[in-house]
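S.K.: can you look at this prediction? I've put the sequence above it.
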Amino acid sequence: MEPINEAHVVEPGLAVVEIAACDDQTAFAVQELLATRWATATADRTTRDPGQPGVRLRCYLDVRQTFDS
């Protein structure tokens, strides 16, 4: 994956989450769970690293903004 951009972690409450999963469905399910709790910039595709198992997905969270269930 690309290096983390400083703008995504410039202040407390901002986070970059990298998800490693066995398949796309699992990675997107984890991302969706995060998005139901916090403001999240979601990814629309996963990546595969040659020679590595599974898929990876990166999303960006603002944990200062929570949503009521």
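M.R.: Structure received. Note that the coordinates shown come from a computational prediction; the quantities given were computed from them, not determined experimentally. Numbering: from 1, shown residues only.
S.K.: around residue 61, how many other residues sit close by?
M.R.: Residues within reach of residue 61, counting by other C-beta atoms under 10 Å, total 20. Yep, even glycine has a C-beta here, placed from its N, CA and C like the rest.
S.K.: next: residue 32.
M.R.: Using other C-beta under 10 Å, residue 32 has 12 other residues around it.
S.K.: are we agreed that it is in a helix?
M.R.: Yes - following the definition DSSP: H, G, I helix; E, B strand; the rest coil, residue 32 is counted among the residues of a helix.
S.K.: show the contacting residues for it.
M.R.: Shown here is residue 32, which makes no contacts under the criterion C-beta atoms under 8 Å, 6 or more residues apart in numbering.
S.K.: and the gap between it and residue 5?
M.R.: 23 Å (C-beta to C-beta, to the nearest Å).
S.K.: same for the strand ranked longest in the chain, what does it pack against?
M.R.: Longest strand in the chain by number of residues, with DSSP state E as the criterion: strand 55-66. If contacts are counted by 3 or more C-beta pairs under 8 Å, 6 or more residues apart in numbering; DSSP states H and E, strand 55-66 sits against strand 14-21, helix 24-37, strand 38-41.
S.K.: tell me which of those is the most buried.
M.R.: Neighbour counts (mean count of other C-beta atoms under 10 Å) averaged over each of the helices and strands packed on strand 55-66 peak at strand 38-41, with a mean of 17.
S.K.: what lies in contact with that strand?
M.R.: Residues external to strand 38-41 that are found in contact with it (C-beta under 8 Å, 6+ apart): 31, 34, 59-67.
S.K.: residue furthest from the geometric center of this protein?
M.R.: Relative to the centre of the chain, and counting by C-alpha atoms, centre = their mean, the farthest-placed residue is residue 51 at 21.8 Å.
S.K.: give me the distance between the residue positioned nearest the centre of the chain and residue 50.
M.R.: For the chain, the residue nearest the mean C-alpha position is residue 59 (2.5 Å; C-alpha atoms, centre = their mean). Separation of residue 59 from residue 50 (C-beta to C-beta): 22 Å.
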